[in-house]
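Novice: Let's see this in three dimensions:
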Amino acid sequence: AARRAPDLHRLASVSVILGISLEAVKRLIAHDRGGPWLMQTPVEICSGLNGGAYVALAEIAQFQSEYASIAMIARSLGLNARAVQRMLGERNIRPAFDPAWLGSRIYRQSDVAGFMTEVEGGGTRENLAFLGRNAPVFAENGRFSESDDACL
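Specialist: Below you'll find the model as predicted:
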């Protein structure tokens with residue numbers, strides 16, 4: 001524990017921090033399809049530690065400054081992830097990565113900034129009251145309380 005810097009996180013922890021699946025984290029650190037988008041800590045720094053791969057907290061913060069998962073967006077707005085996904089689609093805001101390949105929906109912060117300001121500022125809150133923090137959500141109306149991207 002003394003050797004391990006507190007800013008190093010195993011991939012499972014990165015998954016929870018970002019609100020995406022472990023497989024999505026592995027794809028983000030891979031060198032295929034133009035990656036990596038999330039830099040893995042060099043092996044020589046991690047040698048002797050449990051686990052095979054680590055990501056530094058600074059690297060996670062760098063990633064979060066440019067990208068946001070659907071789970072993070074929904075949490076910050078206090079809305080349902082499926083509803084947020086639908087609203088982003090209606091505004092023609094597309095994920096930064098192919099969701100079929102990544103297995104999660106991640107958007108560029110610059111693409112969703114206006115949407116978040118609009119919803120946080122109340123510009124559409126009245127029209128979206130049924131999506132509020134304490135509103136019940138029912139399967140019949142197609143809005144579910146959990147995202148496929150949510151990791152617990």
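
Novice: Determine how far the helix or strand bottoming out on mean pLDDT in the chain lies from the middle of the whole chain.
Specialist: Ranking every helix and strand in the chain by mean pLDDT, DSSP states H and E puts helix 43-46 at the bottom, with a mean of 71. Helix 43-46 sits 26 Å away from the centroid of its parent chain (Cα atoms, centre = their mean, to the nearest Å).

Novice: Touching that helix from outside, list them.
Specialist: Applying Cβ atoms under 8 Å, 6 or more residues apart in numbering, the set of residues contacting helix 43-46 from outside is 8, 52-54. Using the backbone N, CA and C atoms, a C-beta is placed for each residue, glycine as well.

Novice: The same query, at a cut-off of 6 Å, please.
Specialist: Here helix 43-46 makes contact (Cβ atoms under 6 Å, 6 or more residues apart in numbering) with residue 54.

Novice: Output it as CSV, nothing but the C-alphas.
Specialist: What follows is helix 43-46, C-alpha atoms only, in CSV (Å, rounded to 0.1, in the frame of the first residue of the first chain):
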residue,chain,number,x,y,z
VAL,A,43,3.8,-1.1,-16.6
GLU,A,44,7.1,-0.3,-14.9
ILE,A,45,5.3,2.0,-12.4
CYS,A,46,2.7,-0.7,-11.7
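
Novice: strand partners of the helix or strand following it, parallel vs antiparallel please.
Specialist: Counting by DSSP states H and E, the next helix or strand C-terminal to helix 43-46 is strand 54-56. Applying DSSP bridges to the sheet, strand 54-56 is found paired with strand 8-10 (antiparallel).

Novice: And the next helix or strand past the partner strand?
Specialist: helix 11-18.

Novice: ranges for the strands of this structure?
Specialist: Listed in chain order, the strands found in the chain under DSSP state E are 8-10, 54-56, 67-69, 106-108.
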